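Asks: Sharing a model prediction with you, sequence too.
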Amino acid sequence: MNDTSRAGGAASLDVSIASKDYHSASGRPLRALEDLRLTLPAGQAGAVVGPSGCGKTTLLRLIAGLDKDYVGAITLPEHGRLGMVFQEPRLLPWRSVIDNIRIAAPHAREDDIAALLDEFGLAEHASHFPRELSLGLARRVALARALAVKPDLLLLDEPLVSLDAALAKDLREMIARLIDERRITTLIVTHDLNEAIALGDRLFLLSARPARVAATIDVPTPRKQLLEEAAARIEAQARAVYQGKSSYHGKSSPR
Amino acid sequence: MIRLVSLAALLLLWQIGASLSDPHRLPGPAAVFEKIYEEAVSGALFFNLAVTLARVVAAFALAMSFGAAIGYLMGRNRLADRLLDPWVVTLLNLPALVVIVLAYVWAGLTEVAAIGAVALNKLPNAIVVVREGARALDPHLEDMAQVFRFSRVARVKHLVLPQLAPYLAAATRSGLSLVWKIVLVVELLGRSNGVGFEINMAFQLFDMKLLLAYALPFVALMLGVETFLVQPLERHVSRWRRGVSRRLDRV
Ligand SMILES: Nc1ncnc2c1ncn2[C@@H]1O[C@H](COP(=O)(O)OP(=O)(O)OP(=O)(O)O)[C@@H](O)[C@H]1O
Ligand SMILES: [Mg+2]
């Protein structure tokens, strides 16, 4: 029914999902995704924007191979090594920060891990247990863990959600920097349009459930100079797509 | 400290009770300790304690390893659960004595029958507890492990065992006390050594001093295992629940 394969030469992410249904024990199936197509060139950051509950996490789970029950085909970048940051940090509560990274990336070198801890400001927390960390710190650990495996594709599910403004800004800058420096093919899921514009080279605007890609927008580069005018233009474009629905506004709803 | 005081109070009560009653029914602490000393010097006490302890360890290890494996399978696999559940329920409700007698009848008055009977009495309890733990395994962490391609060994070591640890600890605690008690009955019915055998002898001779001289060191041994083995182990596996590292950092 479906086909997840790895690209030969063209190291891009290619998603073409005809449909994804959830079957509950009773009642009719719930269609989460329908006719959803997106292509992300290698080394680029894609940002998937969509209203809450539209099927963003579902899309990431299909790409990550966690759910094979769909109709369609997904082609991963070459080698297909995945790094993923889930909507919740999902660390092993019984292991320290550094052990969490070591266990997920058993082949990573110790000095690479140390460098990652430094990069994300985690060095002093290396021996702490997850329950001793704030959500912001735990997210950073999850991010460091995802990078430690040297992924060919990095999947981030709402990496900034439920953080207060200052922490969200810190983490957003960290993510922006790692995208710029490492050029890992990255797919970021968010319901926040500003976040998407700040982080993505290419935006995929999803419709409400069942999600499909309503519009694909390339963010012009160099990003810094153009950011302000581009943001305004893209926002206008996005508004047109959603026809004034306010669900993608920059404020994250408490959950 | 409080434990010591309460232990002293127990000894005092015992002394008072003994002085009020017939020494053949309830000998005083001094007489019993003298008897313990005698049995210890002759080596009989240690021999019988060791024999009983070996049976406890063997039966417990058997019951826990089979119980963990079967319980895990039943917790993860619906078919296995539905297939095996009636067996487990039957075994849970079968009186210990029936299992013991059947084991002796079918396998003779042998060591295998004795240990097997004890293990079989503990098995269903271990299965039920571990099954509960296997059902409660966090699917989120499983997804995480799949994305990061954890090896089978890493999954067991870092995902399954830590999540099952509280259940295994619970099964260990309840299991040890159950096994202790049943081992004595098994020894009484079909073995010619061990604490249970000696207690039966004391009963037949109506020698209360001898009976207590075996019962007390046995209780002390149980307390020792519980305090110095089971509890520290439990604390060790659940140390991540309390912010240990933070406290260590401050030191
Ligand atoms: N395992 C499941 N079984 C049944 N329905 C599900 C399941 N997972 C998700 N859904 C439903 O599918 C739809 C899409 O869910 P999904 O989690 O992908 O949305 P989302 O865009 O990530 O939402 P959020 O913004 O809350 O993170 C929702 O209506 C949800 O209730
Ligand atoms: Mg989601």
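Replies: Sure, I can see it. Numbers count the residues shown, from 1 in each chain, chains lettered A, B, ... in the order given. Ligands and ions are numbered 1, 2, ... in the order given.
Asks: List the buried residues for stretch B:172-188?
Replies: Buried residues in stretch B:172-188, counting neighbours by 16 or more other CB atoms under 10 Å in any protein chain shown, are found at B:172, B:175-176, B:178-180, B:182-188. Bear in mind the C-beta positions are built from the backbone N, C-alpha and C, glycine included.
Asks: possible to save those residues as TSV with distance to chain A?
Replies: Formatted as TSV, those follow (distance: CB to the nearest CB, whole Å):
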residue	distance to chain A
B:Thr172	18
B:Gly175	23
B:Leu176	24
B:Leu178	28
B:Val179	28
B:Trp180	30
B:Ile182	33
B:Val183	33
B:Leu184	37
B:Val185	39
B:Val186	37
B:Glu187	40
B:Leu188	43
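Asks: And the residues you listed, which is closest to ligand 1?
Replies: Within those, distances to ligand 1 taken as CB to the nearest ligand atom reach their minimum at B:Thr172, with 35.2 Å.
Asks: Next up, the contacts around the nearest residue to that closest one once chain neighbours are set aside.
Replies: Once its chain neighbours are removed from consideration, B:Thr172 has its nearest residue in B:Val230; the separation is 6.0 Å (CB to CB, 6 or more residues apart in numbering or on different chains). For B:Val230, the contacting residues are B:Ala169, B:Thr172, B:Arg173, B:Leu176, taking CB atoms under 8 Å, 6 or more residues apart in numbering or on different chains as the criterion.
Asks: Mind checking which of the residues you listed land in helices?
Replies: Assigned to helices by DSSP state H, the following of those qualify: B:Ala169, B:Thr172, B:Arg173, B:Leu176.
Asks: show me what contacts the spatially closest residue to B:Ile70 that is not a sequence neighbour?
Replies: Spatial nearest neighbour of B:Ile70, excluding adjacent residues (CB to CB, 6+ apart): B:Ile127 at 5.1 Å. When contacts are counted by CB under 8 Å, 6+ apart, B:Ile127 is found next to B:Gly67, B:Ile70, B:Gly71, B:Met74, B:Val88.
Asks: Can you point out the buried residues in the helix or strand where B:Leu12 lies?
Replies: Counting by DSSP states H and E, the secondary-structure element that holds B:Leu12 is helix B:2-20. By neighbour count, and taking 16+ other CB under 10 Å as the criterion, the buried residues in helix B:2-20 are B:Trp14, B:Ala18.
Asks: And that helix, what does it pack against?
Replies: If you count contacts as 3 or more CB pairs under 8 Å, 6 or more residues apart in numbering or on different chains; DSSP states H and E, helix B:2-20 packs onto helix B:29-42.
Asks: Identify all contacting residues around the helix it packs on.
Replies: The list of residues contacting helix B:29-42 from outside it, by CB under 8 Å, 6+ apart, reads B:11, B:14-15, B:18, B:23, B:27, B:45-46, B:209-210, B:212-214, B:216-217.
Asks: hmm, back to that, please report the average pLDDT across whichever helix or strand the residue nearest to B:Ile70 is part of, rounded to a whole number.
Replies: Counting by DSSP H and E, the element that carries B:Ile127 is helix B:111-135. This predicted structure assigns helix B:111-135 an average pLDDT of 92.
Asks: swap in stretch A:110-120?
Replies: Across stretch A:110-120, the average pLDDT comes to 91.
Asks: ditto for stretch A:66-73
Replies: For stretch A:66-73, the per-residue pLDDT values average out at 89.
Asks: And stretch B:193-205, by the same measure?
Replies: Summarised as a single mean, pLDDT over stretch B:193-205 is 87.
Asks: now do stretch B:54-64
Replies: Rounded to a whole number, the mean pLDDT of stretch B:54-64 is 92.
Asks: And for it, what's in contact with it?
Replies: Contact partners of stretch B:54-64, identified using CB under 8 Å, 6+ apart, comprise B:111, B:114-116, B:118-123, B:126, B:168, B:171-172, B:175-176, B:179-180, B:183, B:186-187, B:194.
Asks: picking that back up, after the helix holding B:Ile127, which helix or strand is next?
Replies: Downstream of helix B:111-135, the next assigned helix or strand under DSSP H and E is helix B:139-147.
Asks: how about that following helix, does it reach ligand 1?
Replies: No - Helix B:139-147 is not in contact with ligand 1 by CB under 6 Å from any ligand atom; minimum separation 9.7 Å.
Asks: Show me how far stretch B:143-156 is from its chain's centre.
Replies: Here stretch B:143-156 shows a centroid-to-chain-centroid distance of 33 Å under the convention CA atoms, centre = their mean, to the nearest Å.
Asks: what about it, near chain A?
Replies: Yes - using CB under 8 Å from any CB of the partner chain, a contact is recorded between stretch B:143-156 and chain A, made by B:Asp143, B:Met144, B:Gln146, B:Val147, B:Phe148, B:Phe150, B:Ser151, B:Ala154.
Asks: ok and the residue in chain B nearest ligand 1?
Replies: Using CB to the nearest ligand atom, the closest approach of chain B to ligand 1 is made by B:Pro139 at 9.7 Å.
Asks: so who does residue 135 touch?
Replies: With no chain named, the answer covers chain A. With contact set as CB under 8 Å, 6+ apart, A:Leu135 has these partners: A:Pro89, A:Ser162, A:Leu163.
Asks: ah, no, chain B please
Replies: In this structure, B:Arg135 makes contact with B:Gly75, judged by CB under 8 Å, 6+ apart.
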